[in-house]
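In: Dropping the sequence and predicted coords here.
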Amino acid sequence: MCNTIVTGVLQPRGNQATTWATTWAKTDVGTEPTVLPMREIAVNVSGRNVRYLDDPLAIKLLFSSTQLAWLWGILRVWVGYQWIAASLHKVGNPAWVQSGIAIQRFWQTAVIVPHHGPPRVPFDWYRDFLIWLLGSHAAPFMGRVIAYGELTVGIALIAGAAVGAAALAGTFMSWNYLMAGSVSLNPLMIIGEILLIMSWKVAGYYGFDRLILLRWPREPRLDVEGFHVRTDRTG
């Protein structure tokens, strides 16, 4: 049996306050340190004890391993292509980027409540939101936001630049289309974009994110004074 709690803080060389945790602990059968599975980790941040749960190994391999970066690269290129294809007929269309009449007609169709059958927008609060957009004459502005937003998200995903942020923006747009009654590829797009958000660290590995993340300011070298790890391993 081994229920291990090891405590302490690491002091950095420099002016950045940094804390760190590890899974080194001693078992009952010997004095040599053994790597134990990490479950709950406590770190000291600005004098406050913060606890978080470590990810299982399978999740790390799936969403943080560069060996699977090619898989997420294929997915982000596919999602990005869909957004660019959807935006091309909008950015050069005055009905989208000037008058906004295209998105206005889309909203007007979405808010109709038929006498028979379910409405296109099943949630009253979202229908009220679309009615408010129509009443506030937001169509010209929102038409440009949607057209250029789709194009920007598509380019960012294909280029592998800020993949997590681009996928989050894409998820929001896909969700709004779905809420307004436009199904199409939106359910698949939402699933793909959520996966890209979860794999944001490696989804852009074969892209600009690799240049950005590898040059991101790192933690300074640490002088070990101690650490705090709770493993709660029984066996």
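Out: Received it, and whenever you're ready, just let me know what you need.
In: that's a strand at Val43, yeah?
Out: Yes - applying DSSP: H, G, I helix; E, B strand; the rest coil, one finds Val43 inside a strand.
In: longest helix in the chain, by residue count?
Out: helix 69-91 (DSSP state H).
In: Can you tell me what sits against it?
Out: With Cβ atoms under 8 Å, 6 or more residues apart in numbering as the test, helix 69-91 has contacts from 96-97, 102, 143, 146-148, 150-151, 153-158, 160, 163, 166-167, 170, 185, 189, 192-193, 195-196, 199, 202-207. Backbone N, C-alpha and C define where each C-beta goes, glycine included.
In: ok, now stretch 154-164?
Out: For stretch 154-164, contacts defined as Cβ under 8 Å, 6+ apart pick out 73, 76-77, 79-87, 165-167, 170, 196-197, 200, 203-210, 212.
In: May I ask which helix or strand encompasses the most centrally placed residue in the chain?
Out: With distances taken as Cα atoms, centre = their mean, Ile197 lies nearest the centre of the chain, 2.7 Å away. Secondary structure assignment for Ile197, by DSSP states H and E: helix 186-198.
In: Residues contacting the helix or strand following that helix, please?
Out: Heading C-terminal from helix 186-198, the first helix or strand you meet, by DSSP H and E, is helix 200-203. Residues outside helix 200-203 that contact it (Cβ under 8 Å, 6+ apart) are 63-66, 68-69, 72-73, 75-76, 160, 163-164, 167, 196, 209, 213.
In: what about the residue nearest to Phe63 when sequence neighbours are not counted, neighbour count?
Out: Once flanking residues are discounted, Phe63 sits nearest to Ser199: 4.4 Å by Cβ to Cβ, 6 or more residues apart in numbering. The local packing of Ser199 (other Cβ atoms under 10 Å) involves 25 other residues.
In: Give the ranges of residues in this protein that sit below the confidence cut-off.
Out: Applying pLDDT under 70 to the chain picks out residues 1-40, 42, 45, 216-235.
In: Show me where it has its helices.
Out: Applying DSSP H to the chain gives helices spanning 57-64, 69-91, 94-97, 101-110, 124-135, 139-159, 163-179, 186-198, 200-203, 208-214.
In: Can you say which of those is packed in most?
Out: Stretch with highest mean neighbour count among the helices of the chain: helix 200-203 (a mean of 22; mean count of other Cβ atoms under 10 Å).
In: can you give me how far that one is from the chain middle?
Out: Offset of helix 200-203 from its chain centre (Cα atoms, centre = their mean, to the nearest Å): 9 Å.
In: surely Met179 meets Arg120?
Out: No - counting by Cβ atoms under 8 Å, Arg120 is not a contact partner of Met179; they are 10.1 Å apart.
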